[in-house]
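**Q** Whatever this is, show me its structure:
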Amino acid sequence: MHEKYRRITEIKAQTDQLLTQLSEGEYRSLDVWANNLTHLKLAFGTFSPFMSDPVFLAWLKQHDAVMVSEIAMTGRALMALQNFFRVASKQFG
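**A** Residues are numbered from 1 along each chain as shown. Have a look, this model is predicted:
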């Protein structure tokens, strides 16, 4: 469990850094912002094997419920962005 926790902590640090850059960064081009969003989506996807492991997820909820909540909120933020792009592409595409 501890190795899985170490790995998920690394992924979380990476996704936190990318989310901070996306929300607070000064970008000179939309392409760079979109590139960072792509990296965030890819990094977030690496949570999947851990979060789909029911034994590990139960352990994580017991030992670091805040992390579970923060991972879920990052997922919700990504879903909101994806929905925005879906709606915008229908309206302006």
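**Q** ok, now which ones touch the spatially closest residue to D64 that is not a sequence neighbour?
**A** Leaving aside its sequence neighbours, D64 sits nearest to Y5 (Cβ to Cβ, 6 or more residues apart in numbering; 7.5 Å). The way it works is simple: take the backbone N, C-alpha and C, and place the C-beta from them, glycine included. By Cβ atoms under 8 Å, 6 or more residues apart in numbering, the contact set of Y5 is 60, 63-64.
**Q** Tell me the buried residues in the helix or strand where V87 lies?
**A** For V87, the element it lies in under DSSP states H and E is helix 65-92. Of all the residues in helix 65-92, those buried under the rule 16 or more other Cβ atoms under 10 Å are 68, 71, 74, 78.
**Q** dump the residue contacts of the last one.
**A** I take that to be L78. So L78 contacts 40-41, 44 (Cβ under 8 Å, 6+ apart).
**Q** In CSV: the residues you listed, plus pLDDT.
**A** Formatted as CSV, the contacts of L78 follow (pLDDT from 0 to 100):
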residue, pLDDT
L40, 96
K41, 95
F44, 97
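**Q** with these in mind, which one is nearest to K12?
**A** Among the contacts of L78, F44 lies closest to K12 (Cβ to Cβ), at 9.9 Å.
**Q** shouldn't that closest one be in contact with T74?
**A** Yes: under the criterion of Cβ atoms under 8 Å, F44 is in contact with T74, at a separation of 6.3 Å.
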